[in-house]
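Student: One predicted model, sequence on top.
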Amino acid sequence: MSTDKRITLQQAAEIIKDGSSLTFSGFTIWRRPMAIVFELIRQHRKHLHLIEVNGGSHTEFLAGAGCLDIWESCWVGHELYGKYGANISRKVADKQIIVEDYSHAEMMFRFAAAASGAPYAVTQTSLGTDIHNPEYDMLGRAGLRDGKRIAKHKYQFTEDPFFGAGSQVLIPAAKVDIAVLCVQQVGEEGTVRVNGQYYSDPEVARAADITIVMAEEIVPEEYLRRNADQNTIVSFEVNHILECPFGAHPTGMFGRYDVDGAFLKDFYGRTRTQEGFDEFANEWIHGQNHLNYLEKLGFQRMLKLKANSAMNYSPREKKGGK
Amino acid sequence: MSEFAKPEEYGLADLLCSAASREVGDNEIVFAGTGLPMVAIMLAQNTHAPNLKLIFEAGTLDGRPPELPTSVGDARCEMGASRASGLYDAFSIAQRGYVDLGFLGGAEVDQYGNVNTTCIGDYLNPELRLTGSGGNPDINSFARRTVFIMVHEKRRFVENVSYITSPGWRVKKWPGGDIVPRQQLYGSAYRGGPSAVISTAGVFRFDEESGLMYLDTCHPGKTPSEIRDLCQFDLDISRVKGETAVPTREELRIIHEVLDPDEIFIPKVKKG
C-alpha cells in the first residue's frame, strides 16, 4: 500500500458534505471525535443525517449549531453531567430536526446488518412499545422513505418462519455515507487498535461507505501488525486517517484521559437556549483551531484529566465534575 | 447481618440503594445502568451476592470494577472484567437469554409497569423531549426480571403512560395497537418482565394474573393510603407486607466508604 491516507482536520470535515449521512465511534460521552465535530460547526455544515447507536455531547453540539436535519438514534444526554439533550429537545419542539426513534439494541443490530451487507436484521426487542407505533414513523411522515439510503419502511412485523418463536420485528440496515472514529491508535495504512470497550466501532466502520479515523497517535503500521490479534479494525476498511491528540475532549478516552465533567456541566447548563448555545460556540469553537482550544483549556486541566497508564483512567479527576 | 441503622443515620438514597441491592440474588447475571442502580449492584456484590455477574451495556462483561464507574462507557468498568468488548456482545447476550435481572429508571410508570423515558405530552408535538429509550426496552424485553427505581410524584405514577418506551405487563400489539398481555406477544421469547418498582415512597410489585401494580412495602414514615394518593390510578394496597427494610450499618459503610466516597450518586446524611 503506497497511497497515503493522511489528511488534515479541515479536510476530514470537508469530506462530510451538506446532506451527508454519518455516524460516529464511541459511547455517550466516551471517544467521540469532538475536534472534527467542532470543525464541522466552524465550516457551517448543514442538513446532516446523523444515524447513531447512541447520542451524546457531540450530538448536542451538532444539534445546537444547526448542522442536523435528521437524528436517528435512541438516547441523548451527557450522562452524569447533564440529564437530557436540551438542544435536541428544543429543535424537536421547534420542528427543526426530525427524530426517528429506535431502541438501543435495534440501532446496534441495524449497524450490524449494514456491516454484514444484509438489508435488515430481525429481533424481538421492544415488542409492545410505542417505538413500533406506525403513527410515529417520522421519516415516513416527512415523505423521505425512498428505499435508497432511507429504508422504505421503519419496521416490518412478521412471525418466526423457522422455529415458531412468535412475533419478530425486521429493522432496516443502517446505511451511512461516512463514519468518523476517534481512537487511541491507527497505523499508517489504517489498521485500528482500540483499547478498552470498543462499543460499536467495528460495526460502524464496516457499515459506512467512507471511514475516517482520527487517532491520538498515528503509529508505524508494522508495530500494530506484530500483534494482529489485538487490532480492532482492518486497514482496508479505513479510507482516511489523521492524528489529533486530545481530539475527543471534552469526552473521555480509555487509557488516555477522562471525561471533562466540569466542561460538560458548563455546556449543559449554558445551552438550554439558542442564545446560550451561540454564546458557548463563540467562546469555544468559532475563531479557534484545535491548538488554540487546547491552549484555552490549559495544561493544568489537561494534566488533571490525563489517565494513569496502569489504571486507564485519571485518579486525579474528581468524579462528578465537582 | 449487621444492625439496622437508626432513622437519623441514613438518607432516602441509602434506603433505595439498600432495597435495590436486596433484589439481586447470588450467581445472577445482572445488567447495570448508570447511577444509583450501579451502586446497588456493587453493594450486593460486596454483601450477599459475591458471585453475581455484572454486565455493563457499553460492553464490559462479568465486570468487577474496583472503583465505581461514572457511566457504563467509563474506563473504570474494565478493570477486573472477564471481557471488555462492545454493544453487539452485550445485547446479543441479553437476547440469547443470559440476563436474570436488569435495573432501570423512568420518567413515568403506569399501572401495568409500562415506562416512558421518551417525551412528555403528545409524541408528535412534545412538550418536552427526554433522553429517549436507551437500552431500557431492550433490557426489559430480554431479562427475566427488571426493577425500576423512580422518584415518586403523582404526575409520574399514571394510569397509562402517554408513550410506552419500555414494555410492562399489558402492551401494544402492532400494527393495530391492541392491548395484549406481554406473554402473548413475546411468545417463546417470553422470560418475565417488571418485577418491582422501588420509588421514593415504597416498593411495588405486579399481580401475575392481572398484570396490575400493587403496594408491597411502605418506606418508613409513609402510610399505604398516602402512597395510594400519590398515584393517578387506584393502587391496590390490600397486600402490603409492612415497612421497607432499612439499610444496615454495614451497608452504609460500604456505600459511603467503599463504593461512593465522593458522593457522586448517593449523598451522605449530614449530621446534626
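Tutor: Good, I have the coordinates.
Student: Residue A:49 versus the residue nearest to residue B:175 when sequence neighbours are not counted, what's the distance?
Tutor: Nearest non-adjacent residue to residue B:175, counting by C-beta to C-beta, 6 or more residues apart in numbering or on different chains: residue A:134, 5.3 Å away. C-beta: built from backbone N, CA, C; applies to glycine. According to C-beta to C-beta, to the nearest Å, residue A:134 and residue A:49 sit 21 Å apart.
Student: so where's the chain shaky on pLDDT?
Tutor: By default, I'm working from chain A. By pLDDT under 70, the weakly predicted segments of chain A are A:1-3, A:318-322.
Student: other chain: chain B
Tutor: Residues of chain B meeting the criterion pLDDT under 70: B:1, B:271-272.
Student: Quick check, central residue of it?
Tutor: Geometric centre of chain B, nearest residue: residue B:148, 2.8 Å, by C-alpha atoms, centre = their mean.
Student: which helices and strands sit right next to the strand or helix carrying it?
Tutor: According to DSSP states H and E, residue B:148 maps onto strand B:145-150. Judged by 3 or more C-beta pairs under 8 Å, 6 or more residues apart in numbering or on different chains; DSSP states H and E, the packing partners of strand B:145-150 are helix B:12-21, helix B:36-45, strand B:101-104, strand B:193-199.
Student: Show me the contact partners of that strand.
Tutor: Here strand B:145-150 makes contact (C-beta atoms under 8 Å, 6 or more residues apart in numbering or on different chains) with B:16, B:20, B:23, B:36-37, B:40, B:100-106, B:109, B:113, B:115, B:139-140, B:156, B:192-200.
Student: Need the contact partners of whichever helix or strand comes after it.
Tutor: Moving toward the C-terminus from strand B:145-150, the next helix or strand (DSSP H and E) is strand B:157-158. For strand B:157-158, contacts defined as C-beta under 8 Å, 6+ apart pick out B:108, B:109, B:110, B:199, B:230, B:231, B:232, B:233, B:235.
Student: From the chain's centroid, how far away is strand B:157-158?
Tutor: 16 Å (C-alpha atoms, centre = their mean, to the nearest Å).
Student: Partner strands of it, with direction?
Tutor: Applying DSSP bridges to the sheet, strand B:157-158 is found paired with strand B:108-110 (parallel).
Student: And the helix or strand just after the strand it pairs with, what does it pack against?
Tutor: Toward the C-terminus, strand B:108-110 is succeeded by strand B:115-116 as the next helix or strand (DSSP H and E). With contacts defined as 3+ C-beta pairs under 8 Å, 6+ apart, strand B:115-116 has these neighbours: strand B:108-110.
Student: Now for residue A:247: which residues touch it?
Tutor: A:33, A:34, A:35, A:36, A:182, A:214, A:215, A:216, A:290.
Student: Show me the strands in chain A, by range?
Tutor: Ranges of strands in chain A, per DSSP state E, are A:21-24, A:48-51, A:68-73, A:98-101, A:120-123, A:156-159, A:167-172, A:178-187, A:192-193, A:210-219, A:240-243.
Student: For the one residue in the stretch 51-200 of chain B that gets nearest to chain A, give me phi and psi.
Tutor: Of all residues in the stretch 51-200 of chain B, residue B:187 sits closest to chain A, at 2.1 Å by C-beta to the nearest C-beta. Backbone torsions of residue B:187, given as degrees, to the nearest 10, read phi 50, psi -130.
Student: So for it, what's the nearest residue that isn't a sequence neighbour?
Tutor: Per C-beta to C-beta, 6+ apart, closest to residue B:187 is residue A:166, 2.1 Å.
Student: what's the burial count for that neighbour?
Tutor: 17 (other C-beta atoms under 10 Å in any protein chain shown).
Student: how about it, phi and psi?
Tutor: Backbone torsions of residue A:166, given as degrees, to the nearest 10, read phi 80, psi -160.
Student: Over to the one 10 residues further on?
Tutor: Backbone geometry at residue A:176, expressed as degrees, to the nearest 10, gives phi -130, psi 150.
Student: what's the answer for residue A:200, then?
Tutor: Taking degrees, to the nearest 10 as the convention, residue A:200 sits at phi -120, psi 20.
Student: unless I'm mixing things up, it is touching residue A:111, no?
Tutor: Yes: at 5.9 Å, residue A:200 counts as touching residue A:111 under the criterion of C-beta atoms under 8 Å.
Student: Mind telling me which residue of the stretch 1-150 of chain A is nearest chain B?
Tutor: residue A:128 (2.6 Å).
Student: Surely that residue and residue B:173 touch.
Tutor: Yes: under the criterion of C-beta under 8 Å, residue A:128 makes contact with residue B:173 at 6.9 Å.
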